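1. Next comes the sequence, and after it the predicted model I'd like to discuss.
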Amino acid sequence: MNQKNNIDHIAVSQQSILKKKYIQADLFKHISHLLKLKNAVIVAHYYTSPEIQELADSTGGKVADSLEMAKFGQHHTAKTLLVAGVRFMGETAKILNPEKIVLMPTLKAECSLDLSCPEIEFSKFCDQHPERTVVVYANTSAAIKARAHWVVTSSIAIKLIDYLDSLGKKIIWAPDKHLGHYIQKKTGADILSWHGTCIVHDEFKAHSLYNMKKIYPQAAVLAHPESPENVLALADFIGSTSELIKSAQSISQKQIIIATDRGILFKMQKACPDKILLEAPTSEVGMTCLNCGMCPWMKMNTLKKIINSLTHDTKKHEIHVPKNLQKKALKPLIRMLKFAENFF
């Protein structure tokens, strides 16, 4: 009887998987039709859910880090950009493409780094140090970008700060303190950092990672530089999301511990199907935390919300940036893109 129940349970599970696949296929077909009607294309971040990434790939869109997301919107012919990510990514797309309609599955998808750097407080901080060059991470609002001299992503941050340091510039860095400290160590630049953190990367724990390395002694550790310093000290490679994927492909180890949002595992596993990918621990008790290791705002992007953004609720999903703010924020973003062109 128990064996029969077990077989029945397996059969039901398989039916549920097939049903889910059929539903997803129908949704993909429907969204693809809507994208064509709206002359729209999806650009999604690596931290969104696997089905969002798969949808972007299958409809001629792009899955990328924030730098590549910014570039993609500029060079694509679509009149509408549907940005699956968090709010600052939608704002960046609008600033760089003012003539295009920029939609998001939800405008409620925030970023802890963005929220940790309020405009008034940061502006006062900058005013107290007028001799310093203001460099802000892409994970900031349009207002913060407008206050900056430069905008950077994690993939170009070290090169940019090293360049500014060679010119004798003293830096204000915002908002991620862990990334700021990492850049300072790598470049030796004079950096005054803001105090923000990413709620995902700040949760990775060095003690638990050390214990996990004992269980998987042959595993390589790949970490995003928004992680705490003691976590980075245990890493074999540190880099942006796109750099982590490339590293996973090139390293010889078959087991890899990943210290960044688990959303990256979808593309990383496709890039190196022969590797065993393990999530870095975010808890002092046990090896992993089922509620951590993922951005709750990124996961607010869903297929149903994408459909809503392309149909009757379009206006509720559209990103707007005031023209005066757009003009100011565009300058440091263009500097970033031009700098990236020269170094990549």
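-> Alright, I've got the coordinates.

2. Tell me how the chain divides into domains.
-> Annotated domains of the chain cover 2-111+298-323, 113-198, 201-279 [automatic domain parsing].

3. Ok, which of those domains comes nearest residue 329?
-> Residue 329 lies closest, by Cβ to Cβ, to one member of these: domain 113-198, at 4.0 Å. Using the backbone N, CA and C atoms, a C-beta is placed for each residue, glycine as well.

4. so how far is the first residue of the closest one from its last?
-> 5 Å (Cα to Cα, to the nearest Å).

5. Would you map the helices across the stretch 1-150 of the chain?
-> In the stretch 1-150 of the chain, the helices defined using DSSP state H, counting those that start in this stretch lie at 2-37, 50-58, 66-75, 87-96, 112-115, 119-127, 142-147.

6. and residue 315, which of these is closest to it?
-> Set against residue 315 and scored by Cβ to Cβ, these come closest in helix 87-96, at 14.3 Å.

7. Outside of that closest one itself, list whatever touches it.
-> 43, 45, 66, 69-70, 73-74, 81, 83, 100, 102-104, 107, 109-111, 114, 138-142, 145, 319-321, 326, 329-330, 333 (Cβ atoms under 8 Å, 6 or more residues apart in numbering).

8. Likewise for stretch 205-224?
-> So stretch 205-224 is contacted by 154, 201, 204, 228, 230-241, 244, 247-248, 251, 253-260, 278, 280-284, 286-287 (Cβ under 8 Å, 6+ apart).

9. Any buried residues in that stretch, and which?
-> The neighbour-count check on stretch 205-224 (16 or more other Cβ atoms under 10 Å) flags 205-206, 208-209, 212-213, 216, 219-224 as buried.

10. Tell me how many other residues crowd residue 163.
-> 17 (other Cβ atoms under 10 Å).

11. how much space between the spatially closest residue to it that is not a sequence neighbour and residue 126?
-> Spatial nearest neighbour of residue 163, chain neighbours left out: residue 339 (7.5 Å); criterion: Cβ to Cβ, 6 or more residues apart in numbering. When Cβ to Cβ, to the nearest Å is the yardstick, residue 339 and residue 126 sit 21 Å from each other.

12. Got the confidence number for residue 2?
-> Listed pLDDT for residue 2 reads 57.

13. Please apply the same query to the one 4 residues further on.
-> Residue 6 carries a pLDDT score of 53 in this model.

14. SS state for residue 299?
-> Classification of residue 299 using DSSP: H, G, I helix; E, B strand; the rest coil returns helix.

15. Please apply the same query to residue 327.
-> Under three-state DSSP, residue 327 comes out as helix.

16. burial count for it?
-> Residue 327, neighbours per other Cβ under 10 Å, totals 13.

17. Name the residues of stretch 150-167 that come out as buried.
-> Those buried within stretch 150-167 under the rule 16+ other Cβ under 10 Å are 150-161, 163-165.

18. Contacts for it, please.
-> Contacts for stretch 150-167 (Cβ under 8 Å, 6+ apart): 65-67, 70, 133-138, 140, 145, 171, 173, 179, 183, 186-191, 224-226, 239-243, 329, 332-333, 335-336, 339-340, 343-344.

19. now these: which count as buried?
-> Buried, going by 16+ other Cβ under 10 Å: 65-67, 70, 133-138, 140, 145, 171, 173, 179, 183, 187, 189, 191, 224-226, 239-243, 329, 332-333, 335-336, 339-340, out of these.

20. now the strands: where do they sit in the stretch 201-344 of the chain?
-> Under the criterion DSSP state E, counting those that start in this stretch, strands of the stretch 201-344 of the chain are mapped to 220-223, 237-238, 255-259, 276-279.

21. Counting by contacts, list what the second one packs against.
-> Under the contact criterion of 3 or more Cβ pairs under 8 Å, 6 or more residues apart in numbering; DSSP states H and E, strand 237-238 touches strand 220-223, helix 241-250.

22. what about the protein, any weak spots by pLDDT?
-> By pLDDT under 70, the low-scoring segments of the chain are 1-22, 284-292, 343-344.

23. and if we set it to 80?
-> 1-24, 283-292, 312-313, 343-344 (pLDDT under 80).

24. List the contacts of the nearest residue to residue 193 once chain neighbours are set aside.
-> Setting aside the residues directly before and after it, residue 193 is nearest to residue 180 in space (Cβ to Cβ, 6+ apart), at 3.6 Å. Shown in contact with residue 180 (Cβ under 8 Å, 6+ apart): 173, 174, 191, 193, 194.
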